[in-house]
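Colleague: Sequence first, then the predicted structure, then my questions.
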Amino acid sequence: MTPKIAKFLAEQNPATPCLVVDVDRVAARYGALADALPLARIYYAVKANPAAPILSRLTALGSYFDAASIEEIEMCLEAGAEASKISFGNTIKKVSAIRRAFAAGVPMFAFDSAEELDKLAENAPGARVYCRLLVENEGAEWPLSRKFGTTLDHARDLMVRARELGLDPYGLSFHVGSQQTGTAPYEAAIGRVAMLFTDLAEAGIDLRMVNLGGGFPVRYRDEVPGIDDFGRAIMHAMTEHFGNDLPEMIVEPGRFIVADAGLVRSEVVLVSRRGADNPVRWVYLDIGRFGGLAETEGESIRYRIATAHDETGAETGPVAIAGPTCDGADIMYERANYRLPLALRSGDLVDLLSTGAYVSTYAAQSFNGFAPLAEHYI
Ligand SMILES: Cc1ncc(COP(=O)(O)O)c(C=O)c1O
């Protein structure tokens, strides 16, 4: 928790559940990534948290933006971003969205299939396009590998076809999976990209850009390597494979920029036991899977949880942690060995830390009648 968030919570005592984000911390994280990878342009992945105060702060810092939809593009424009600094990074786009983005001046589009390429040629003629490669997501706590990207051979053919269709075959992208805890997948993916650069150069196509995607991790329950480790590993792999002739480099961080800047404050609604002697208590919070904590699916993202009892060093015991709705899937953690203070009671406040990314936009509109998650940007 940042000092600014602590002060806000103490003074305002906001109704729960709520997300509180320290926008200065967002700026600091942007700066840390820029320092770790000074040669890369940063395209903030808007999907991680599209709140206007975040987008306008990043715009002021000179950030570029990776948008997943025409709606996200419009949010960036409203926040003052120039269209020329936006990439339409989703490989799955409606024709109407491509047209609107192109008309707004968005210069760059992702694809990973022949049909999408045809849609781009027809509706964004002459645009810069980059093909997303299928890469290993080993080590990612929130993998993305099965749904996106294509093989090297197919990507080669598609880039040749892009040129035939009058598009600008600009570069290649990959995503090593979100909350990627190791540097090796970036290094391996850069090797694959470099092979394709060479292949395509032989076909007369000189690619200019490598998009290294997002994936940079934050500390939830477990320690992760620092951003400087990722910067060093990436630059080492880039120079190993491209020598002094480095292409333009792009990164699309989402989680790394905003997760650590926010926390969710929640109230304990109920603490119960299945049988008086059962050591496991069920702790029901006023936020759950449908209130925004969607990434607890499969217990994949394991948030740190702080309570007012922690400071006293009170005894803890095993817990399962669930949300407030009448849905059996609304369980966050049952197998992840969470422990909370034995003193915890209904009415107590708990903080779910580093929840600034991939929470606010996942919150349901009115499931079981609960209002969408309140948000405070300070
Ligand atoms: C195309 C693309 N770029 C960037 C990101 C952001 O990834 P992360 O939040 O892991 O940095 C995502 C996440 O889904 C993505 O799909």
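Modeller: Alright, I've got the coordinates. None of these values were measured; they are calculated from a predicted model.
Colleague: in stretch 333-340, what counts as buried?
Modeller: 333, 338, 340 (16 or more other Cβ atoms under 10 Å). Where you see a C-beta, it was placed from the backbone N, CA and C, and this is true even at glycine.
Colleague: again with stretch 100-107
Modeller: Buried residues in stretch 100-107 (16+ other Cβ under 10 Å): 101-102, 106-107.
Colleague: Equivalent analysis for stretch 153-160, please.
Modeller: By neighbour count with 16+ other Cβ under 10 Å, stretch 153-160 contains the buried residues 154-156, 158-160.
Colleague: Skipping its backbone neighbours, what lies nearest residue 34 in space?
Modeller: Excluding the flanking residues, the one nearest residue 34 by Cβ to Cβ, 6 or more residues apart in numbering is residue 42, at 6.3 Å.
Colleague: The one you found bridge partners, please.
Modeller: Beta-bridge partners recorded for residue 42 (DSSP bridges): residue 251.
Colleague: residues in contact with it?
Modeller: With contact taken as Cβ atoms under 8 Å, 6 or more residues apart in numbering, residue 42 is in contact with 30, 33-34, 63-64, 251, 253.
Colleague: What about those residues, which are in strands?
Modeller: 64, 251 (DSSP state E).
Colleague: Type out the ChimeraX command that picks the buried ones from the contacts of residue 42.
Modeller: Buried residues within the contacts of residue 42, by 16+ other Cβ under 10 Å, are selected in ChimeraX with:
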select :30,33,34,63,64,251,253
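Colleague: Could you check the pLDDT of the residue nearest to residue 34?
Modeller: Per-residue confidence at residue 42 stands at 98 (pLDDT).
Colleague: Grab the two from the buried residues of stretch 153-160 that are most spread out in space.
Modeller: Farthest-apart pair in the buried residues of stretch 153-160 is 154 and 160; separation 10.9 Å (Cβ to Cβ).
Colleague: among the helices and strands of the chain, which has the poorest mean pLDDT?
Modeller: One helix or strand of the chain scores below all others by mean pLDDT, DSSP states H and E: strand 140-142, with a mean of 90.
Colleague: Okay, now the sheet partners of that strand, with direction.
Modeller: Sheet pairing here is set by DSSP bridges, and for strand 140-142 it gives strand 178-180 (antiparallel).
Colleague: Buried residues, the helix or strand that the partner strand is followed by. List them.
Modeller: Per DSSP states H and E, strand 178-180 leads on to helix 184-202 as the next helix or strand towards the C-terminus. For helix 184-202, a neighbour-count test (16+ other Cβ under 10 Å) marks 185-190, 192-194, 196-197, 199-200 as buried.
Colleague: where does the one residue in the stretch 251-378 of the chain that gets nearest to the ligand land on pLDDT?
Modeller: Nearest residue of the stretch 251-378 of the chain to the ligand (Cβ to the nearest ligand atom) works out as residue 254 at 2.8 Å. On pLDDT, residue 254 comes in at 98.
Colleague: For residue 71, see how far away it is.
Modeller: Distance, residue 254 to residue 71, using Cβ to Cβ, to the nearest Å: 16 Å.
Colleague: cool, and residue 188?
Modeller: Relative to residue 71, residue 188 is positioned 34 Å away (Cβ to Cβ).
Colleague: Fine, thanks again, bye for now.
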